[in-house]
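>>> fold the stuff below for me.
(one chain, ligands or ions: 2)
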Amino acid sequence: MSNIISIINNKGGTGKTTTVLNLGAALAKKKQRVLMVDLDSQCNLTSAFGADGTEQGVGELLTGKATINSVIIANGQLSLIPANEKLLDYEFLLNNEPGREYMLREQLEKVADDFDFILIDCPPSLGTLSTNSLVAANHFIVPMQAENFAFIGLDRIMLISEKVKKRMNPSLDLGGILFVKLAPRTKFSQAVIQSLTDNQNFAGKIFNTYIRQDISLMESGAFKQNVFDYAPKSRGAHDYSDLAKEILKLYGKK
Ligand SMILES: Nc1ncnc2c1ncn2[C@@H]1O[C@H](COP(=O)(O)OP(=O)(O)O)[C@@H](O)[C@H]1O
Ligand SMILES: [Mg+2]
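Ligands and ions are numbered 1, 2, ... in the order given. A predicted model of the protein is given here:
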C-alpha cells in the first residue's frame, strides 16, 4: 500500500509544486517508488517534469475519459500523472457528478500497490480538486512561508480537513507544516515559527526540516529539472533530502 500525501495550501506561491517535485525526487533517490499527481490547471509540475502539452491527464482520468495506466508517465522510480489546461473545464464537469469528491481516490486505489508514496500537488484553492486530494490521502502537508503571524489560511485548511476526516476519510491526518523559502537567521522568521510551535493545535506537527530560500529551487523548475539533477550540492537539494529522511522515519516501511 502506498502512503498518499496531499501537499495543500489555498494560497498560491507557497512552495507546493516545488515540494512535490523535489520531495518526490528525493524519495525516489532513496529507492522509493513515487507517483506525483498534478491537480493544478496551471500545470507547473507537469512542465517541470518535461511533460507539457500531454493530451491525456488527470482531468481525463477523473471524468472517465482515460484509464489510470494510460495517463501515468514513468521515468525510473519517479512517475507522474500530468495535467493540461483542460483541467479547469473538467473540474466544472465534475461538479455535477454524484460522489465527485471520491473520483481521485477511486482511481489511485487501483495503483496503490505499485508505489511507496503518492504525492498530490494541489491547486491554490480549496475546491473540488483539493477536496479530492484530501479524500484520497492518508496525510496532508501544508507548506508555508514564515511571512506573518496571521495563520488564517491554515485555519481554513484545518476546518476543511476535519470535515473530510469526519465525513469521508477517517484515516486523514495532518502530516505536518513545512516552512519553506526560509531565511532562518532573521529574528522575524524565528518569531513566526515560534508562535506556531507554541500553538497547542500544532504541537509536534511542524517538520524539523526547514526548506531554506535557495535560488536553485527556483531555477531548476524553470529549466525542467529537479534540484538534484540541476544543483546536487545546493541548499535546496540538501534540505529536500533531509525532508525525505524525516518523512521516511515518520511513515516509511518499518
Ligand atoms: N525554498 C525556495 N527558495 C526560493 N524560491 C522558492 C523556494 N520554494 C519555491 N520557490 C519559488 O517560489 C515560487 C512559488 O513556488 P511554487 O512551488 O510554484 O508554489 P505553489 O505551487 O504553492 O504555487 C516559484 O517560483 C518557486 O521556484
Ligand atoms: Mg503550484
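>>> tell me the buried residues in stretch 129-148?
Using 16 or more other CB atoms under 10 Å as the test for burial, stretch 129-148 gives 129-146. Glycine gets a C-beta too; all of them are placed from N, C-alpha and C.
>>> cool, and stretch 110-130?
Quick answer for stretch 110-130 (16+ other CB under 10 Å): 111, 115-124, 126, 128-130.
>>> mind checking which of those residues land in helices?
Judged by DSSP state H, helices contain the following of the buried residues of stretch 110-130: T128, L129, S130.
>>> how about the first one, what does it touch?
Residues touching T128, when contacts are defined by CB atoms under 8 Å, 6 or more residues apart in numbering, comprise E91, L94, N95, R100, E101.
>>> separation between the first one and ligand 2?
Between E91 and ligand 2 the distance is 15 Å, computed by CB to the ion, to the nearest Å.
>>> please apply the same query to the second one.
Plainly put, L94 is 20 Å away from ligand 2 if you go by CB to the ion.
>>> how many other residues sit next to the closest residue to that residue other than its chain neighbours?
Taking CB to CB, 6 or more residues apart in numbering, and ignoring the residues beside it in sequence, L94 has R100 as its nearest neighbour in space, at 4.8 Å. Summarising burial for R100: neighbours were counted as other CB atoms under 10 Å, giving 19.
>>> for R100, give me phi and psi.
Torsion angles at R100 (phi, psi; degrees, to the nearest 10) stand at phi -60, psi -20.
>>> need the pLDDT of it.
Predicted confidence (pLDDT) at R100: the value is 96.
>>> ok, it - contacts?
R100 neighbours (CB under 8 Å, 6+ apart): L94, T128, N132.
>>> N199 - how many residues pack around it?
13.
>>> if we can go back for a sec, and ligand 2, which of the ones in helices among the buried residues of stretch 110-130 contact it?
Restricting those to those touching ligand 2 (CB under 5 Å from the ion) yields no residues.
>>> now do I7 against F188, distance only.
The gap separating I7 from F188 is 25 Å, by CB to CB, to the nearest Å.
>>> and these two? Which one has more around it.
I7 (30 against 12).
>>> go through the ones in helices among the buried residues of stretch 110-130 and name the one nearest T14.
Nearest to T14 among those is S130, at 13.1 Å by CB to CB.
>>> so the residue of the chain found nearest ligand 2 is in which element?
Scanning the chain for the residue nearest ligand 2 gives T17, at 3.3 Å (criterion: CB to the ion). Using DSSP states H and E, T17 maps to helix 16-29.
>>> the residue nearest to M103 when sequence neighbours are not counted - how many residues pack around it?
With CB to CB, 6+ apart as the criterion, M103 has its nearest non-adjacent residue at 4.5 Å, and that residue is L62. L62 is flanked by 26 other residues according to other CB under 10 Å.
>>> next: the one 4 residues further on.
Using other CB under 10 Å as the criterion, A66 is surrounded by 18 other residues.
>>> what parts of the chain come near ligand 1?
Proximity of the chain to ligand 1 (CB under 6 Å from any ligand atom) is limited to residues 12-18, 44, 124, 180-181, 211, 213-214, 217-218, 221.
>>> would you show me how to pick out the buried ones of the residues you listed in ChimeraX?
Under the burial definition 16+ other CB under 10 Å, those of these that qualify are selected in ChimeraX by:
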select :14,15,16,17,18,44,124,180,181,211,214,217,221
